[in-house]
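**Student:** sequence? don't have it. structure:
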């Protein structure tokens, strides 16, 4: 007689289903006057409004980055490019959590925030609202500066980082998985 296998929990089923969503990968930076700079990988960045320019993302409220953010906090967001898998993994919340970034070594100062070179876009702004939504913290940012560079984005789906490339034949996008071991955001 086969050994019964325990059914996955509703939470694990939900996490598995959500892992199938393809999401752009970004790194958020926040510079705290006493605790220094922190960076964390995001896959939850969304545009909220064009007028006023607002974006939002979600964080674990128990994480260091979440604890550093308050209304008025200045943040930088780097929308990562296909070649930045290592950067995404380094600042992933899985494992070590948000890490300090080295000012002027890793990141560049831009518009009062810190961003990473090689990204497809940069956004800077100030936190305008914090709200608890379920077991996460929603952070709304009023965007004051943007710069788009273009290039191939880094995406995260099925717990794997990948890049998109356009097919020369029909212009459709195809995914290429990164060769590095995958440890994604929480």
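**Tutor:** Cool, got the structure. This structure is a prediction, so every number in the text was calculated from the model and none was measured.

**Student:** Just the residues contacting stretch 50-68, thanks.
**Tutor:** Under the criterion CB atoms under 8 Å, 6 or more residues apart in numbering, residues 26, 28, 30, 32, 35, 38-40, 42, 44-48, 69, 77, 93, 97-98, 123, 125, 128, 132-133, 135-144, 146, 186 lie in contact with stretch 50-68. Any C-beta I mention is one placed from the backbone N, CA and C, and that applies to glycine too.

**Student:** State the mean pLDDT of that stretch.
**Tutor:** On average, the pLDDT along stretch 50-68 is 91.

**Student:** again with stretch 12-24
**Tutor:** 88.

**Student:** repeat for stretch 137-154
**Tutor:** Computed over stretch 137-154, the average pLDDT equals 96.

**Student:** ok, which stretches of this structure are strands?
**Tutor:** 23-24, 26-32, 36-42, 46-49, 54-59, 74-79, 108-110, 113-115, 121-133, 136-148, 154-157, 160-166, 173-177 (DSSP state E).

**Student:** Name the residues of the third one that are buried.
**Tutor:** So that's strand 36-42. Counting neighbours by 16 or more other CB atoms under 10 Å, one finds that the buried residues in strand 36-42 are 37-42.

**Student:** Now that we have the contacts of stretch 50-68, which of them are buried?
**Tutor:** Buried by 16+ other CB under 10 Å: 26, 28, 30, 38-40, 42, 45, 69, 77, 93, 97-98, 123, 125, 128, 136-141, 143, out of the contacts of stretch 50-68.

**Student:** what's near enough to touch residue 148?
**Tutor:** So residue 148 contacts 120-121 (CB under 8 Å, 6+ apart).

**Student:** Numbering from 33 from now on, please.
**Tutor:** Will do, 33 is the new start, and the previous item becomes residue 180.

**Student:** what is it paired to in the beta sheet?
**Tutor:** Beta-bridge partners of residue 180, counted by DSSP bridges, are residue 153.

**Student:** residues touching the residue nearest the centre of the chain, list them.
**Tutor:** When CA atoms, centre = their mean is applied to the chain, the residue found nearest the centroid is residue 74 (1.6 Å). By CB under 8 Å, 6+ apart, the contact list for residue 74 reads 57-60, 89, 91, 109, 217.

**Student:** ok, 6 Å please
**Tutor:** By CB atoms under 6 Å, 6 or more residues apart in numbering, the contact list for residue 74 reads 58, 60, 89.

**Student:** same question, residue 181
**Tutor:** Contact partners of residue 181, counting by CB under 6 Å, 6+ apart, are residue 152.

**Student:** Recalculate using a threshold of 8 Å.
**Tutor:** Contacts here follow CB under 8 Å, 6+ apart; on that basis residue 181 touches 151-154.
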